[in-house]
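Participant: starting from these lines, generate the structure:
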Amino acid sequence: MELRALRYFVAVAEELHFGRAAARLHMSQPALSRAVKQLEAEAGALLFVRSSSGVALTAVGAVLLDEARELLGRAERVRERVRVAAAGGARTLTVGFLGDASDPDATALAQAFRRRHPDVEVRIREADLTDPTCGLHAGAVDVALTRAPFDRTGLAVRELRADPVGALLRADDPLARRERLELADLAGRRWFRFPEGTDALWQAYWSGGQGREGPVVRAVQECRQAVLWNGTVGMTLVDHGPGGEGLVVVPLADMPPSRVVVAWRGSPSSSFSFSSSSFSADSASSSFSGDVASPLPSSSAGASVRAFVEVAVGVYGR
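Facilitator: Down below sits the predicted model:
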């Protein structure tokens, strides 16, 4: 199996729609369909169940998705190490982002950083929702623009912005007509959730501090499809909107906001705690202080990270 074919497959699996996947890959839909059919022929099994409303992964497709993501990630790390070695240590910065990179401030950050540091070559690594550090703990990136909370061991973190969250529901859900909800209103409902092994603090926040049952998701589009197809519930950003027809977002009054942060490897000057067993809006909102002056790297190797953090703080207005 070629890496290019696996990239095509992952795009379709994450979008669950050939048209959207083709647009994401900047290719025609017929060409994408042919590539996936060829991959299915190589695998000797169907990877998707196709219908007029979209596609769904088969059991074989779900297995291949996990393996393909791991293989593509490993190939990217190899490619980056070889590229840096060939460049003789040229000044580069690898930045990690969560999979849903629709934040307008992130676009402004890219423009501002380019203006101030045109000599730095920026490499982007997009992570799915199972890794809120975007590869920091694994050493795959130098700095991450992401969301808290997560395990900060060995990391320094600076808060940039706080965004309200709400419940993502089907439009025909009885709760969809409410102007505001509380977590208690969603008690007993099935939620989309992240796989076992996902950062416990991150899992606790997006599950409202409770153990949940429901479909396992890794990407934003999978979250939306889980709600649309199964009638499950979950949380999303209020400002992002539902992201598709048939879905609505209702603000959650007792959930602390989701905090946009910039993180890098270093020793934090303070710590925060977030317990899934004692979750409340008050405790969670005080579990992270964005005004703490975390130390920036001062070595020459950390110059690009320092520059990125300083520009990010300026763009986000903190």
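Participant: use CA for all of it now, contacts and neighbours both
Facilitator: Fine.
Participant: where does pLDDT dip in the protein?
Facilitator: Low-confidence segments of the chain, defined by pLDDT under 70: 80-81, 83-90, 100-102, 241-244, 267-301, 318.
Participant: tell me where this protein has helices.
Facilitator: Applying DSSP state H to the chain gives helices spanning 3-15, 18-25, 29-43, 59-86, 104-116, 200-206, 220-230, 281-285, 303-316.
Participant: can I get those in TSV with distance to Pro149 and mean neighbour count?
Facilitator: Shown next, in TSV, are the helices of the chain (distance: least, C-alpha to C-alpha, whole Å; neighbours: other C-alpha atoms under 10 Å):
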stretch	distance to Pro149	mean neighbour count
helix 3-15	24	20
helix 18-25	29	17
helix 29-43	37	15
helix 59-86	24	14
helix 104-116	19	14
helix 200-206	5	21
helix 220-230	17	19
helix 281-285	9	15
helix 303-316	18	19
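Participant: among the ones you listed, which is nearest Arg178?
Facilitator: Closest approach to Arg178 among the helices of the chain is made by helix 220-230 (17.3 Å; C-alpha to C-alpha).
Participant: which outside residues touch that closest one?
Facilitator: Helix 220-230 has contacts (C-alpha atoms under 8 Å, 6 or more residues apart in numbering) with 14-16, 99-100, 129, 168-170, 192, 215, 217, 232-234, 242-244, 246-247.
Participant: any chance of the helices of the chain in TSV, plus distance to Ala176?
Facilitator: Shown next, in TSV, are the helices of the chain (distance: least, C-alpha to C-alpha, whole Å):
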stretch	distance to Ala176
helix 3-15	24
helix 18-25	26
helix 29-43	34
helix 59-86	31
helix 104-116	27
helix 200-206	19
helix 220-230	12
helix 281-285	22
helix 303-316	32
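Participant: centroid residue for the chain?
Facilitator: Of all residues in the chain, the one closest to the mean position by C-alpha atoms, centre = their mean is Leu98, 3.1 Å from it.
Participant: mind listing what the residue nearest to that residue when sequence neighbours are not counted touches?
Facilitator: Leaving aside its chain neighbours, Leu98 sits nearest to Ala127 (4.9 Å; criterion: C-alpha to C-alpha, 6 or more residues apart in numbering). Ala127 makes contact with Gly96, Phe97, Leu98, Gly99, Cys134, Gly135, according to C-alpha under 8 Å, 6+ apart.
Participant: inside strands: which ones of these?
Facilitator: Gly96, Phe97, Leu98 (DSSP state E).
Participant: the residues you listed into a markdown table, with extra columns for distance to Ala21?
Facilitator: Below are the ones in strands among the contacts of Ala127 laid out as a markdown table (distance: C-alpha to C-alpha, whole Å):
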| residue | distance to Ala21 |
| --- | --- |
| Gly96 | 22 |
| Phe97 | 19 |
| Leu98 | 18 |
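Participant: looking at these, spot the one nearest Ala263.
Facilitator: Relative to Ala263, the closest of the ones in strands among the contacts of Ala127 is Gly96; by C-alpha to C-alpha it sits at 9.5 Å.
Participant: the closest one is in contact with Val122, isn't it?
Facilitator: No: with contact defined as C-alpha atoms under 8 Å, Gly96 does not count as touching Val122 (10.4 Å).
Participant: these two: which has the busier surroundings?
Facilitator: Higher neighbour count among Gly96 and Val122: Gly96, with 25 against 17, using other C-alpha atoms under 10 Å.
Participant: beta partners of that one?
Facilitator: Note on Gly96: beta-bridge partners by DSSP bridges are Arg125, Ala144.
Participant: residue contacts, it?
Facilitator: Counted by C-alpha under 8 Å, 6+ apart, Gly96 has contacts 124-127, 133-136, 141-146.
Participant: what do you get for Arg190?
Facilitator: By C-alpha under 8 Å, 6+ apart, Arg190 lies in contact with Arg212, Glu213, Gly214, Thr232, Val233.
Participant: switch to 10 Å and redo it
Facilitator: Applying C-alpha atoms under 10 Å, 6 or more residues apart in numbering, we find Arg190 in contact with Arg212, Glu213, Gly214, Pro215, Val227, Asn230, Gly231, Thr232, Val233, Gly234.
Participant: distance check, the last one against Leu252.
Facilitator: According to C-alpha to C-alpha, to the nearest Å, Gly234 and Leu252 sit 11 Å apart.
Participant: these two: who's more crowded?
Facilitator: Neighbour totals were compared for Gly234 and Leu252, and Gly234 leads with 24 against 21 (other C-alpha under 10 Å).
Participant: hmm, the residue nearest to the centre of the chain is touching Ala148, no?
Facilitator: No: assessed by C-alpha atoms under 10 Å, Leu98 is found out of contact with Ala148, at 11.4 Å.
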